[in-house]
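>>> this one's sequence-less:
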Ligand SMILES: Nc1ncnc2c1ncn2[C@@H]1O[C@H](COP(=O)(O)OP(=O)(O)OP(=O)(O)O)[C@@H](O)[C@H]1O
């Protein structure tokens, strides 16, 4: 049996979650909900390798938080500890107010975990896989049957409901893994590289679903190497490096940092002359966008570093006021990617 496919959480079956969504109960449940994820000073070593070396993290309820870091920085180890599947050496963890070490069942009842590769029992049908997990989480039969059908539809697997999981493609298994993570209506979602193996349509669906789950008041923590994807879905970001949190940022902080913008003009000469006259440094965009080698005023673009979105707005305003025929001005890369690269640069 794959390690992540255990139907029964370690420490015994989880009690039913305390976040009912039925009519008349949701408001009270939301009001009582403890908030998000809190991690302080988390350490976990494998022999001499310090996978987590004093990591701190806060992920808010009602928001999608991106967990970002290079290979081997400890993201999966952190998610395994949060999911109650790995005991830390030291540190403090709260999942919706519950400690996964001292109250493993309580924490896991409130946590939906999607590993980077979802191992299923290949002889069970997709419906049976979800029903088995629902039963392990003590979801009552009638509720479970309805929720399984609803989740299969949500992840576009209804037509495979009665097919053995063995026939599912990698991307379809990922989607089944996402449904599995949601089967007990958890308050906190932990997703390790959820988009890997998904086709473009499924990635868009995933983004919309995660936004909806956060809007419902859940805490969503998602790791991915595809920063452009995280950019589009995350409200906050936590950067991990060598087992430590290097920085936690809100969306507003990420947007206000120094970033490279790509500015394109109908006349490259007019643009570069104006930038030089204002003392603004720029770099060629490397795109070879000159439209006509013989054109005395070819169109083209440059890269300019500016302070946040306010700096970009000021640059555009001043260029247009000076008569530069600007046709576009946009970030050269996503905010998370630029923040990540800047941090990497600092660490060298
Ligand atoms: N079970 C294990 N036994 C020994 N070392 C481990 C184990 N799990 C993780 N490590 C080590 O701990 C460090 C952190 O690994 P982890 O998988 O948490 O990183 P990651 O940020 O998820 O990496 P990636 O982005 O490549 O998935 C790495 O040096 C890794 O080799």
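On my side now, so go ahead. For clarity, every value in this text was computed on a predicted model and none was experimentally measured. Residues are numbered from 1 along each chain as shown.

>>> The longest helix seen in the chain: how far from the chain's middle?
For the chain, the longest helix by residue count, based on DSSP state H, is helix 200-215. In terms of C-alpha atoms, centre = their mean, to the nearest Å, the centre of helix 200-215 is set 10 Å apart from its chain centre.

>>> Also stretch 149-162?
23 Å.

>>> How about residues contacting that stretch?
Where contact means C-beta atoms under 8 Å, 6 or more residues apart in numbering, the residues beyond stretch 149-162 that reach it are 125-127, 130, 167-168, 172, 175-176, 178-179, 182-183, 202, 205, 209. Yep, even glycine has a C-beta here, placed from its N, CA and C like the rest.

>>> give me the beta-bridge partners of the residue nearest the centre of the chain?
Closest to where the C-alpha atoms of the chain average out (C-alpha atoms, centre = their mean) is residue 222, at 3.1 Å. According to DSSP bridges, the residues that bridge with residue 222 are residue 66, residue 191.

>>> distance of it from residue 75?
To residue 75, residue 222 is 10 Å away according to C-beta to C-beta, to the nearest Å.

>>> need the contact list for residue 337.
Applying C-beta under 8 Å, 6+ apart, the residues near residue 337 are 227, 228, 231.

>>> could you redo the last one with a cut-off of 7 Å?
Residue 337 sits next to 227, 228 when contact means C-beta atoms under 7 Å, 6 or more residues apart in numbering.

>>> That one belongs to a helix?
Yes. Per DSSP: H, G, I helix; E, B strand; the rest coil, residue 337 lies within a helix segment.

>>> Would you map out the domains in the chain?
For the chain, automatic domain parsing gives the domain ranges 3-254, 257-347.

>>> that older thread, quick one: the residue nearest to the centre of the chain from residue 131, how far?
To residue 131, residue 222 is 26 Å away according to C-beta to C-beta.

>>> go on, residue 200?
30 Å.

>>> about what we covered before: need the residues touching each of residue 222 and residue 75.
Residues touching both residue 222 and residue 75 (C-beta under 7 Å, 6+ apart): residue 67.

>>> For this protein, which residues are neighbours of the ligand?
Neighbours of the ligand within the chain, by C-beta under 6 Å from any ligand atom: 46, 49, 51, 69, 71, 72, 73, 74, 75, 76, 77.

>>> can you rerun that using 5 Å?
With C-beta under 5 Å from any ligand atom as the criterion, the chain comes near the ligand at residues 46, 49, 51, 71, 72, 73, 74, 75, 76, 77.

>>> Can you select the buried ones from those residues in ChimeraX?
Buried residues within the residues of the chain next to the ligand, by 16 or more other C-beta atoms under 10 Å, are selected in ChimeraX with:
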select :51,73,74,75,76,77
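
>>> Filter the residues of the chain next to the ligand down to just the ones in strands.
In strands, defined here by DSSP state E, the members of the residues of the chain next to the ligand are 46, 49, 51.

>>> Let me see the backbone angles for residue 241.
phi -150, psi 130 (degrees, to the nearest 10).

>>> how would you label the nearest residue to residue 131 once chain neighbours are set aside: helix, strand or coil?
Nearest residue to residue 131, sequence neighbours excluded (C-beta to C-beta, 6 or more residues apart in numbering): residue 148, at 5.5 Å. Put simply, residue 148 is helix when judged by three-state DSSP.

>>> 14 is where my numbering starts, stick with that
OK, 14 is where the count begins now, so the last one is residue 161.

>>> Touching, residue 161 and residue 143? I think so.
Yes. Using C-beta atoms under 7 Å, residue 161 is in contact with residue 143, at 4.4 Å.

>>> In terms of neighbours, single out the busier of those two.
Neighbour count, other C-beta atoms under 10 Å: between residue 161 and residue 143, residue 143 has more, with 27 against 23.

>>> which element is that one on?
For residue 143, the host element (DSSP states H and E) is helix 139-149.

>>> try residue 164
helix 154-167.

>>> after that helix comes which helix or strand?
On the C-terminal side of helix 154-167, the nearest following helix or strand under DSSP H and E is helix 183-195.

>>> buried sites along that next one?
185, 186, 187, 188, 189, 190, 191, 192, 193, 194, 195.

>>> Adding pLDDT, write these out as a markdown table.
Output for those, formatted as a markdown table (pLDDT from 0 to 100):
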| residue | pLDDT |
| --- | --- |
| 185 | 88 |
| 186 | 89 |
| 187 | 88 |
| 188 | 90 |
| 189 | 92 |
| 190 | 91 |
| 191 | 92 |
| 192 | 94 |
| 193 | 94 |
| 194 | 94 |
| 195 | 95 |
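
>>> any idea which of those is closest to residue 259?
For the buried residues of helix 183-195, the closest approach to residue 259 (C-beta to C-beta) belongs to residue 194, at 27.5 Å.

>>> For burial, what's the neighbour tally of the closest residue to that closest one other than its chain neighbours?
Closest residue in space to residue 194, ignoring its immediate chain neighbours: residue 125 at 3.6 Å, by C-beta to C-beta, 6+ apart. Per other C-beta under 10 Å, the neighbour tally for residue 125 reads 25.

>>> Can you tell me the strand partners of the host helix or strand of residue 125 and which way each runs?
Assigned by DSSP H and E, residue 125 belongs to strand 124-127. Sheet pairing for strand 124-127, assigned by DSSP bridges, gives strand 201-205 (parallel).
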